[in-house]
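Visitor: Structure for the following, please:
(one chain, ligands or ions: 3)
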Amino acid sequence: MENLFRLVDHEDFFTKRCIWVNGPVIVGAGPSGLATAACLRDEGVPFVVLERADCIASLWQRRTYDRLKLHLPKQFCQLPKLPFPEDFPEYPSKKQFIDYLETYAMKFEINPQFNECVQSARYDETSGLWRVKTVSSTSRNEVEYICRWLVVATGENAECVMPDIEGLSEFKGDVVHACDYKSGESFKGKKVLVVGCGNSGMELSLDLCNHHASPSMVVRSSVHVLPREILGLSTFELAVLMLKWLPLWLVDKLLLIFTWFILGNIEKYGIKRPSKGPLELKNTMGKTPVLDIGTLEKIRSGYINVVPGIKSFNDRDVELVNGEKLDIDAVVLATGYRSNVPSWLQEGEFFSKNGYPKMPFPHGWKGNTGLYAVGFTKRGLSGASSDAVQIAQDIGKVWKQETKQKKQRTTACHRRCISQF
Ligand SMILES: Cc1cc2nc3c(=O)[nH]c(=O)nc-3n(C[C@H](O)[C@H](O)[C@H](O)COP(=O)(O)OP(=O)(O)OC[C@H]3O[C@@H](n4cnc5c(N)ncnc54)[C@H](O)[C@@H]3O)c2cc1C
Ligand SMILES: NC(=O)C1=CN([C@@H]2O[C@H](COP(=O)(O)OP(=O)(O)OC[C@H]3O[C@@H](n4cnc5c(N)ncnc54)[C@H](OP(=O)(O)O)[C@@H]3O)[C@@H](O)[C@H]2O)C=CC1
Ligand SMILES: O=C(O)C(=O)Cc1c[nH]c2ccccc12
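Guide: Numbers count the residues shown, from 1 in each chain. Ligands and ions are numbered 1, 2, ... in the order given. Model (predicted):
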């Protein structure tokens, strides 16, 4: 590592360093950051990956529940340049996915700077360079990285959404967000209110049931629930196949017809369907349909109670919008996630205030001034992979041109850097 300057604050014993990076800085060592790094490695472009956690794929390793499996078939979840092992099942478990990512990082020699949380990043017009400031999560040490390219790979799930519901802070039982829920074991015999009915709310309600807790799941608006498989084929794969030949509206209609035959009328259990079709809703609003892995059966048999929106909490119970009161012991907030980009990226042209690129898919991966975004298209791991490939090609083109020119000009001039070769 090269220190352009190093300050030691003697009163507080923390250091400030400034580092020139020859190549892009990638913020985030989740699947998106790893995929971009691997593709850059293939292009021969050096890079630095900054990660706030102490491991790769921290969402998967630290902030997901034990029973989690990928819910799309493996061919739609693998990262570029390394297929999943043959012996992986169609829906790999969380452990298998993490093992794959560890192998991936090792194969492409990706060694992130761990425990470095990016606090700010701004483009310096004068020098035409990005200034990326990090603070260590284990000490108070600060580093400023200076680079030409900045790849934002902090993800759509960077922060948990905590709902602001009247009385929630007065509730006396345990309240956990889905990101801190590991298993239903600690809820055995308890009455648990699960707030939210996306894939997290549905799967956690099932897990609670399997651990002999009594979940009530809040469905405040509407949601598309589809079977994970239709006629022995994964619903996602079937949709992808049908989209090759048919318009989206027709695929949506067909999916709902198949669903009706397999799941029946689920409105009678309190689960209203949105007026837009599942794929249209995913494309326009980014709302992922639920792929059912057994929750509906538990709802049908009465083990999971579906309830409408929440009015307020009291110290031991909850009042619903229909006036009904429920005694509960604990609350699981499966209320979703948000991007954290606005909290650190000082830029208002490419990213919008909600932390997503302003340009819709497929134009949202490249900004001006060397800024890129990977994994913000609400298209899961396959969307992240295709962003990564494009970003690496784009940077690689410029890199190769310039390296060629530089070689022609002089072979003596070397810039030292901390980038990984
Ligand atoms: C429970 C769950 C299950 C999912 N299952 C699937 C699935 O089956 N199939 C699918 O396609 N998609 C799935 N997804 C979608 C998910 O978005 C992807 O799986 C994937 O994790 C996205 O990768 P990412 O690298 O973009 O984001 P993340 O995995 O969230 O990685 C981002 C990384 O950036 C780091 N970071 C954030 N802010 C900073 C900062 N300021 N400084 C430094 N580092 C920072 C984080 O610590 C994190 O390690 C699932 C999501 C969830 C929540
Ligand atoms: N096995 C897998 O692969 C899994 C994948 N995932 C993925 O992770 C991502 C995040 O999913 P998830 O965590 O479910 O988040 P989502 O954003 O999909 O769902 C959030 C849910 O919380 C509800 N909600 C939010 N605020 C409130 C409130 N104040 N009162 C009542 N309800 C509220 C929303 O309702 P409303 O719609 O009315 O706003 C919605 O039902 C998704 O892309 C999902 O597919 C998640 C789990 C498992
Ligand atoms: O799991 C997720 O969050 C995803 O975004 C994966 C995904 C991308 N497109 C979809 C369409 C239907 C269901 C899941 C997905």
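
Visitor: Tell me if the longest helix that the chain contains is near ligand 2.
Guide: Across the chain, the longest stretch assigned as helix under DSSP state H is helix 380-409. No. Judged by C-beta under 6 Å from any ligand atom, helix 380-409 makes no contact with ligand 2; its nearest approach is 6.9 Å. For every residue, glycine as well, the C-beta is placed using N, CA and C.

Visitor: Could you list every helix and strand in contact with that helix?
Guide: helix 31-43, strand 371-373 (3 or more C-beta pairs under 8 Å, 6 or more residues apart in numbering; DSSP states H and E).

Visitor: Pull out the buried positions in that helix.
Guide: By 16 or more other C-beta atoms under 10 Å, the buried positions in helix 380-409 come out as 380-392, 394-396, 399.

Visitor: What of stretch 365-380?
Guide: For stretch 365-380, a neighbour-count test (16+ other C-beta under 10 Å) marks 365-367, 369-377, 379-380 as buried.

Visitor: try stretch 60-67
Guide: Residues of stretch 60-67 classed as buried: 60-61, 63-65, 67 (neighbour count, 16+ other C-beta under 10 Å).

Visitor: wait, does that stretch contact ligand 2?
Guide: No. For stretch 60-67, no contact with ligand 2 is found by C-beta under 6 Å from any ligand atom; the gap never falls below 7.8 Å.

Visitor: in this structure, which spans are helices?
Guide: So, for the chain - with DSSP H - the helices run 31-43, 58-62, 94-107, 199-210, 235-243, 248-263, 278-285, 295-300, 380-409.

Visitor: what's in contact with the shortest one?
Guide: Looking back up the chat, that one is helix 58-62. Applying C-beta atoms under 8 Å, 6 or more residues apart in numbering, the contact partners of helix 58-62 are 29-30, 51-53, 55, 94, 97-98, 101, 155, 157.

Visitor: can you redo the helices of the chain as a markdown table with mean pLDDT and distance to residue 131?
Guide: Formatted as a markdown table, the helices of the chain follow (pLDDT from 0 to 100; distance: least, C-beta to C-beta, whole Å):
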| stretch | mean pLDDT | distance to residue 131 |
| --- | --- | --- |
| helix 31-43 | 98 | 19 |
| helix 58-62 | 98 | 25 |
| helix 94-107 | 98 | 27 |
| helix 199-210 | 98 | 36 |
| helix 235-243 | 98 | 41 |
| helix 248-263 | 98 | 43 |
| helix 278-285 | 96 | 35 |
| helix 295-300 | 97 | 47 |
| helix 380-409 | 92 | 19 |
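
Visitor: Skipping adjacent residues, who's closest to whichever residue of the stretch 251-400 of the chain sits closest to ligand 2 in space?
Guide: Nearest residue of the stretch 251-400 of the chain to ligand 2: residue 336, at 2.8 Å (C-beta to the nearest ligand atom). Closest residue in space to residue 336, ignoring its immediate chain neighbours: residue 161 at 4.6 Å, by C-beta to C-beta, 6 or more residues apart in numbering.

Visitor: for ligand 2, what are the nearby residues on this protein?
Guide: Contact residues, the chain versus ligand 2 (C-beta under 6 Å from any ligand atom): 68-71, 163, 165, 178, 195-201, 203, 218, 220-221, 223, 288, 309-310, 334-337.

Visitor: if you look at those, which of them are in strands?
Guide: If you go by DSSP state E, the residues of the chain next to ligand 2 have 195, 218, 310, 337 in strands.

Visitor: Let me see the contact set for residue 254.
Guide: 242, 246.

Visitor: Give me the distance between it and residue 226.
Guide: Noted for residue 254: a distance of 11 Å to residue 226, by C-beta to C-beta, to the nearest Å.

Visitor: swap in residue 406?
Guide: Remark: distance between residue 406 and residue 226 (C-beta to C-beta) = 53 Å.

Visitor: residues near the closest residue to residue 266 other than its chain neighbours, how many?
Guide: Spatial nearest neighbour of residue 266, chain neighbours left out: residue 225 (6.1 Å); criterion: C-beta to C-beta, 6+ apart. Other residues within reach of residue 225, judged by other C-beta atoms under 10 Å, total 21.

Visitor: Identify the bridge partners of residue 225.
Guide: Here residue 225 sits in beta bridges with residue 290, going by DSSP bridges.

Visitor: Would you mind measuring from it to residue 338?
Guide: 23 Å.

Visitor: Also residue 254?
Guide: 33 Å.

Visitor: residues touching the residue of the stretch 301-421 of the chain at minimum distance from ligand 1, list them.
Guide: Going by C-beta to the nearest ligand atom, ligand 1 is nearest to residue 380 of the stretch 301-421 of the chain, at 2.4 Å. Shown in contact with residue 380 (C-beta under 8 Å, 6+ apart): 72, 76-77.

Visitor: which of the residues in stretch 117-135 are buried?
Guide: For stretch 117-135, burial by neighbour count (16+ other C-beta under 10 Å) applies to 117-118, 121, 123, 129-135.

Visitor: Looking at those residues, which is nearest ligand 1?
Guide: Using C-beta to the nearest ligand atom, the buried residues of stretch 117-135 come closest to ligand 1 at residue 118, 3.7 Å.

Visitor: Same list (the contacts of helix 58-62) but as JSON lines, adding distance to residue 327 and neighbour count.
Guide: Below are the contacts of helix 58-62 laid out as JSON lines (distance: C-beta to C-beta, whole Å; neighbours: other C-beta atoms under 10 Å):
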{"residue": "29", "distance to residue 327": "43", "neighbour count": "27"}
{"residue": "30", "distance to residue 327": "39", "neighbour count": "25"}
{"residue": "51", "distance to residue 327": "43", "neighbour count": "27"}
{"residue": "52", "distance to residue 327": "39", "neighbour count": "21"}
{"residue": "53", "distance to residue 327": "38", "neighbour count": "20"}
{"residue": "55", "distance to residue 327": "40", "neighbour count": "17"}
{"residue": "94", "distance to residue 327": "33", "neighbour count": "17"}
{"residue": "97", "distance to residue 327": "38", "neighbour count": "25"}
{"residue": "98", "distance to residue 327": "38", "neighbour count": "17"}
{"residue": "101", "distance to residue 327": "42", "neighbour count": "23"}
{"residue": "155", "distance to residue 327": "37", "neighbour count": "24"}
{"residue": "157", "distance to residue 327": "32", "neighbour count": "18"}
